[in-house]
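In: Quick one: sequence plus predicted model below, questions after.
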Amino acid sequence: MSTIERAEVFVASPGRNFVTLRITTSDGVTGLGDATLNGRELAVASYLRDHLVPLLVGRDPARIEDMWQYLYRGAYWRRGPVTMTAISAVDTALWDIKGKVAGLPVYQLLGGRSREGVMVYAHASGTDTEALIDDVQRFRDLGYRAVRAQAAVPDVGGTYGIRKGNGIYEPASSSRPEEQPWSTEAYLDHAPRYLRAVRERLGFDFHLLHDVHHRLTPLEAARFGKEVEDVRLFWMEDPTPAENQEAFRLIRQHTTTPIAVGEALSSIWDVQHLITEQLVDYVRTTVVHAGGITHLRRIFDLAALYQVRTGSHGATDLSPVTLAAAVHLDTAVPNFGIQEYMAHAEVTDAVFRSEVRLEDGHLLVGEAPGLGVEYDETLAARYPYEPRYLPVARRLDGSVHDW
Ligand code: GCO
Ligand code: MG
């Protein structure tokens, strides 16, 4: 029997911080898993190095389900992003290994192809409405079928989602959390207007998305959703924090604007009521933060029963290993909705050589066995980890708000 011989944790910053797990079997087969938790990277690296790696060595890499149960139930402590991200990395690496052993790409192990390509949405932003319209048009010209639109709100410095210059959007950019002001009134006044302006200028023949980023109360979100119904959003994302799943019932009662939730949630129990009570339309949990391919498949299957579709998180803080795993899953599941996609920095792509390709606004998986990603640890070692934190939002009176 082949056994797990080695499991190594790499923490490096090629373009931004990533934590990567590589498992090697006694037959010399390797598998990769992403373990990046933005702003809390070292906690997951320690969870893996200090607590999971010693348990992995000598075990059967083929028993993916058993490993998941062993690590989840075996911890005794339930859920939580650090635990679930660590389990995700192990699970993803074992799927990669299983694919390589079988000589099949992972999507084949998940039941095979349900679609040719995976529709993605790009991130357009602007410091004002005109700049936003230009940016949406730029992505349309590049062939994207779906674009997320965020514009700066006047008098609210550092509004969520706005790219600085022409670079890649990167919110975790400082060594201590940057503090950004927030005004709900200014946002509610401004956002519906710029979304309407995008439609008025560019029309309706593409999907338009918007991320509220947990900033509103349920009632404010209900008002916002109602106000933008004529804009026909593909979704409004994270309209209110989701620890309280019940909160979405109020939003639902008032608006037909579709709702997407899940990027900050890490288990099926965190989305159980959202799904079974049809309080959302898209579930955005991801491979890296919600227990790997094994657990995410379980979430997606539950969602399918309630006509909830998938819309996995795919910002740049999710490594190309997560993106590849997501695209394999997206290719196979019947209830795929859309995949978030932001191109990584060139240096990130040089360290993680991935087979995933963008064509005509769709991501395509390759046919290499496993996930189709190679990790260049020598190149990665040239980019040491640097502490980087997400911003913190404060209301104009100085009190902390959800970022
Ligand atoms: C998105 C997200 C990101 C997150 C980031 C946190 O929809 O892509 O909201 O921008 O804020 O991934 O690490
Ligand atoms: Mg988001």
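Out: It's in. Ligands and ions are numbered 1, 2, ... in the order given.
In: going forward, measure contacts and count neighbours with C-alpha atoms only.
Out: Will do.
In: Hmm, A345 is touching G15, no?
Out: Yes - at 5.7 Å, A345 and G15 qualify as touching, with contact defined as Cα atoms under 8 Å.
In: Can you name the residues bridging to I4?
Out: Residues in a beta bridge with I4, per DSSP bridges, are T25.
In: surely it meets A62?
Out: No - I4 is beyond contact range of A62, at 9.5 Å (criterion: Cα under 8 Å).
In: So for the two, which residue has more residues nearby?
Out: Higher neighbour count among I4 and A62: I4, with 23 against 17, using other Cα atoms under 10 Å.
In: Relative to the host helix or strand of H210, what are the paired strands and their orientations?
Out: Assessed by DSSP states H and E, H210 sits inside strand 207-211. Strands adjacent to strand 207-211 in the sheet, as given by DSSP bridges, are strand 146-151 (parallel), strand 235-237 (parallel).
In: Quick check: which of those has the most neighbours on average?
Out: Using mean count of other Cα atoms under 10 Å, the stretch among these with the largest mean neighbour count is strand 146-151, at a mean of 25.
In: for the next helix or strand after it, packing partners?
Out: Going down the chain from strand 146-151, the next helix or strand is strand 179-182, by DSSP H and E. For strand 179-182, the packing partners by 3 or more Cα pairs under 8 Å, 6 or more residues apart in numbering; DSSP states H and E come out as strand 392-395.
In: what about the strand it packs on, distance to the chain center?
Out: Relative to the chain's own centre, strand 392-395 is displaced by 23 Å; criterion: Cα atoms, centre = their mean, to the nearest Å.
In: same thing with stretch 60-79?
Out: 23 Å.
In: Can you name the residues in contact with it?
Out: Applying Cα atoms under 8 Å, 6 or more residues apart in numbering, the contact partners of stretch 60-79 are 1-4, 25, 52, 87, 91, 94-95, 97-98, 266-267, 294.
In: same thing with stretch 301-314?
Out: Under Cα under 8 Å, 6+ apart, the answer for stretch 301-314 is 260, 262-263, 275-276, 278, 280-286, 300, 323, 326, 330, 334-342.
In: Quick one: closest of the strands paired with strand 207-211 to ligand 1.
Out: When these are compared by Cα to the nearest ligand atom, strand 235-237 sits nearest ligand 1, at 7.5 Å.
In: got a list of what G366 touches?
Out: Contacts for G366 (Cα under 8 Å, 6+ apart) come out as 105, 355-357, 372.
In: Which secondary structure state is assigned to it?
Out: Following DSSP: H, G, I helix; E, B strand; the rest coil, the label given to G366 is coil.
In: How about the residues of the stretch 151-300 of the chain by ligand 1?
Out: The stretch 151-300 of the chain has residues H213 near ligand 1, with proximity defined as Cα under 6 Å from any ligand atom.
In: Any stretches of the stretch 151-300 of the chain with poor pLDDT?
Out: Scanning the stretch 151-300 of the chain with the threshold set as pLDDT under 70 gives 166.
In: Show the residue spans covered by the helices in it.
Out: In the stretch 151-300 of the chain, the helices defined using DSSP state H, counting those that start in this stretch lie at 184-202, 218-227, 247-254, 268-276, 292-305.
In: With mean neighbour count and distance to L363 as added columns, please give the ones you listed in CSV.
Out: As requested, the helices of the stretch 151-300 of the chain are arranged in CSV below (neighbours: other Cα atoms under 10 Å; distance: least, Cα to Cα, whole Å):
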stretch, mean neighbour count, distance to L363
helix 184-202, 16, 24
helix 218-227, 20, 29
helix 247-254, 18, 31
helix 268-276, 19, 26
helix 292-305, 21, 18
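In: and W77, how many residues sit next to it?
Out: For W77, the count of nearby residues is 9 (other Cα under 10 Å).
In: Any idea how far apart the tips of stretch 46-55 sit?
Out: End-to-end distance for stretch 46-55, by Cα to Cα, to the nearest Å: 14 Å.
In: any idea of the mean pLDDT for it?
Out: For stretch 46-55, mean pLDDT is 98.
In: now do stretch 8-25
Out: Averaged over stretch 8-25, pLDDT sits at 98.
In: Relative to E346, how far out is the most centrally placed residue in the chain?
Out: Centroid-nearest residue in the chain, with Cα atoms, centre = their mean: H313, separated by 2.2 Å. Using Cα to Cα, one obtains 20 Å as the distance from H313 to E346.
In: S26 now?
Out: Here S26 is placed at a distance of 33 Å from E346 (Cα to Cα).
In: Compare those two (neighbour count), which wins?
Out: Taking other Cα under 10 Å, S26 and E346 do not tie; S26 has more neighbours (16 against 11).
In: what about the stretch 301-403 of the chain, any weak spots by pLDDT?
Out: Checking the stretch 301-403 of the chain against pLDDT under 70 turns up nothing.
In: can you pull out the helices in it?
Out: 320-332, 346-351, 377-380.
In: what angle separates the longest one from helix 292-305?
Out: Computed with axes from the mean of the first three to the mean of the last three Cα atoms, to 10 degrees, the direction of helix 320-332 lies at 40 degrees from that of helix 292-305.
In: Give me the contacts around helix 320-332.
Out: With Cα under 8 Å, 6+ apart, helix 320-332 has contacts from 32-34, 92, 106-108, 110-118, 286-288, 293, 297, 310, 312, 314, 336, 339, 344, 349, 352, 354-356, 363-365, 371-373.
In: Show the buried residues in the contacts of stretch 301-314.
Out: Neighbour counting with 16 or more other Cα atoms under 10 Å marks 260, 262-263, 275-276, 278, 280-286, 300, 323, 326, 330, 334-342 as buried within these.
In: Among those residues, which are located in strands?
Out: 260, 282-283, 339-340 (DSSP state E).
In: what's the closest of the residues you listed to ligand 1?
Out: Lowest distance from ligand 1 to these (Cα to the nearest ligand atom) belongs to E340, with 7.0 Å.
In: is that closest one in a bridge, and if so with what?
Out: For E340, the beta-bridge partners are Y121 (DSSP bridges).
In: hang on, it packs against V118?
Out: No - using Cα under 8 Å, E340 makes no contact with V118, being 10.0 Å away.
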